[in-house]
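# just need the structure, nothing else, for what follows:
(chains A, B, C and D)
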2 protein chains.
Amino acid sequence: MSHEQINPYVSVDCVVLGFDGRQLNVLLVRQREEGTDENSTGYYKLPGSLIYMHETLDEAAQRVLRQLTGLSQVNLYQFYAFGALNRLDNQRDRVWLEHFHRLEKSLERIVSVGYFSLIRINRTMLQLDKGYEACWMPLSDLPQLAFDHNDIISKAMEKIAGVVEAMPEIVFSLLPRKFTASQLFYAYSATTGKTMDIRNFHKKLHTMPFVVPLEEKQKDVNHRAARLYRFDRRLLVP
Amino acid sequence: MSHEQINPYVSVDCVVLGFDGRQLNVLLVRQREEGTDENSTGYYKLPGSLIYMHETLDEAAQRVLRQLTGLSQVNLYQFYAFGALNRLDNQRDRVWLEHFHRLEKSLERIVSVGYFSLIRINRTMLQLDKGYEACWMPLSDLPQLAFDHNDIISKAMEKIAGVVEAMPEIVFSLLPRKFTASQLFYAYSATTGKTMDIRNFHKKLHTMPFVVPLEEKQKDVNHRAARLYRFDRRLLVP
DNA sequence: GCAAAAGTGTTAGAAGTACACCCATGA
DNA sequence: TCATGGGTGTACTTCTAACACTTTTGC
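Numbers count the residues shown, from 1 in each chain, chains lettered A, B, ... in the order given. The predicted structure is shown next:
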């Protein structure tokens, strides 16, 4: 099917950051040869793949994420294209890729276009669909990944800090519909890398009309229950 | 020479913005078939080209700029990858490209990686090297360009505004070593798209230790001569 | 009662915004 | 003397930063 003819020079990689209310986690998939024992250790990599001849970069990023992790309809932002000549220098990665795509010719340098996404990890997400070998790993404690994926994640974090500064409302995509002040606080801190005084943060909250306090409180916590808030996009501009 | 084997799927395009003390200009080259009359109208395009198999994206951007315009050693910043399927839909552009690169197979969709640069236009630059068919066009008054190059320039301007907000010192690359307050003012305004009160701008200038006032003044102007300043990068951080 | 996290106010300094007139120069 | 752009000051508001203790809840 010509629609699925592979472009062997261009790939996309997705840095999907999931927030669990406290810290950021990266969505990774297993790089494991078919036929290998399911429990073999193996390496992890970002969800990513060569693109098809007849799909745009944005489409490729959405497709790859869906195929490798089951996630769909996430907001992906393109952030950088990686074109170093040594991206395939690791023989393990090269062999894995050639087998994975059933390629006959050996691969040349691949230019990979990076996308990031900020999403919340809820109960269903936490346990990812069993059909996929996908998992969440804390950003603060990543293993060595395949290809240059550790570098790609570093670059993503740099860019994300800038994007969050420029359009702070993007952090609400990390949070559930109802969230506490401290969850918002941690989401800001984790994405911008900036620390901030919690009292000053509360004060700033009160000046944001689009963060609407609810009567509702947290339940089932073994300490004082926090007030819940919701984000109202309609109150953003004025 | 294998070093110069073309990668027919990936290109780079450079949005070089030159500042003449008042407004931004884009560096364009002629898209003209060899053998065509030198005065034929033809189309303009950004300096850009397919990359070689064995060069990085950054290297390709530098090379292309040098080959097509004679410019070298400029700071290029990667800003976006363009992967729409219709980038080659215009038959004129497609034919031109295939001839230009002496390609035998017809081209598929090309992913183009955009770079921008901010430079000053000085007297030597204003009249670009005659060996190249390059010229400056005011950003505010661009004709229709080849490929999706008008879109690429729009995207570049969006990104540049963000970059200038995040690292304002980049505007000094638009200015000569000695510059007036109003040149700096126009450079800020043109890159960020923001207007600002000129009195408040002067006040802000005084709080920037890295903008050093000189005793020297403008010469040969038919109005009150403005003070000159210089930028001292060493005074940036503290 | 203790562990754990929630929530709250003041002050000082810095930075931003709004606003209008006189000055120097060359033609 | 006129046209052109250069240069200046004040008052007000807003934002930022520093700083420590009391409250609620479940165990």
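
# same for the one helix or strand A:Ser11 maps to, what does it pack against?
Counting by DSSP states H and E, the element that carries A:Ser11 is strand A:6-19. Applying 3 or more C-beta pairs under 8 Å, 6 or more residues apart in numbering or on different chains; DSSP states H and E, we find strand A:6-19 packed against strand A:24-31, strand A:48-52, helix A:57-69, strand A:111-120, helix A:149-166, helix A:181-192, strand B:6-19. In short, each C-beta sits where N, CA and C put it, glycine included.

# direction included, what does it pair up with?
Here the strand partners of strand A:6-19, with direction, are listed using DSSP bridges: strand A:24-31 (antiparallel), strand A:48-52 (antiparallel), strand A:111-120 (parallel).

# turn those into a markdown table, columns for mean pLDDT and distance to A:Asn90.
Below are the strands paired with strand A:6-19 laid out as a markdown table (pLDDT from 0 to 100; distance: least, C-beta to C-beta, whole Å):
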| stretch | mean pLDDT | distance to A:Asn90 |
| --- | --- | --- |
| strand A:24-31 | 95 | 11 |
| strand A:48-52 | 98 | 15 |
| strand A:111-120 | 98 | 14 |
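
# quick revisit: can the strand holding A:Ser11 be said to contact DNA strand C?
No: Strand A:6-19 is not in contact with DNA strand C by C-beta under 7 Å from any atom of the strand; minimum separation 14.9 Å.

# quick one, that strand and helix A:181-192 angle?
Counting by axes from the mean of the first three to the mean of the last three C-alpha atoms, to 10 degrees, strand A:6-19 points 140 degrees away from the direction of helix A:181-192.

# buried set for strand A:6-19?
For strand A:6-19, the neighbour count (16 or more other C-beta atoms under 10 Å in any protein chain shown) marks A:7-19 as buried.

# send the alpha carbons of it over as CSV?
Taking only C-alpha atoms (Å, rounded to 0.1, in the frame of the first residue of the first chain), the coordinates of strand A:6-19 have been written out as CSV:
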residue,chain,number,x,y,z
ILE,A,6,8.4,4.2,4.5
ASN,A,7,10.6,7.3,4.1
PRO,A,8,13.9,5.9,5.4
TYR,A,9,15.4,9.3,6.0
VAL,A,10,13.0,11.1,8.3
SER,A,11,11.5,10.0,11.6
VAL,A,12,9.5,11.5,14.5
ASP,A,13,10.0,11.0,18.2
CYS,A,14,7.5,11.9,20.9
VAL,A,15,8.5,13.2,24.3
VAL,A,16,5.2,12.6,26.2
LEU,A,17,5.4,14.0,29.7
GLY,A,18,2.9,12.7,32.1
PHE,A,19,2.3,14.4,35.5
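
# which among the buried residues of strand A:6-19 gets closest to DNA strand D?
DNA strand D has its nearest neighbour among the buried residues of strand A:6-19 in A:Phe19, at 22.6 Å by C-beta to the nearest atom of the strand.

# got phi/psi on the spatially closest residue to the closest one that is not a sequence neighbour?
Beyond its immediate neighbours in the sequence, the residue positioned closest to A:Phe19 (C-beta to C-beta, 6 or more residues apart in numbering or on different chains) is A:Leu174, lying 3.8 Å away. Comment: the main-chain dihedrals of A:Leu174 come out as phi -80, psi -10, following degrees, to the nearest 10.

# again, but for A:Gln5
In this entry, A:Gln5 is assigned phi and psi values of phi -70, psi 130 (degrees, to the nearest 10).

# residue contacts, it?
By C-beta atoms under 8 Å, 6 or more residues apart in numbering or on different chains, A:Gln5 lies in contact with A:52-54.

# what about the spatially closest residue to A:Glu4 that is not a sequence neighbour, how many residues close to it?
Taking C-beta to C-beta, 6+ apart, and ignoring the residues beside it in sequence, A:Glu4 has A:Tyr52 as its nearest neighbour in space, at 5.5 Å. A:Tyr52 is flanked by 18 other residues according to other C-beta atoms under 10 Å in any protein chain shown.
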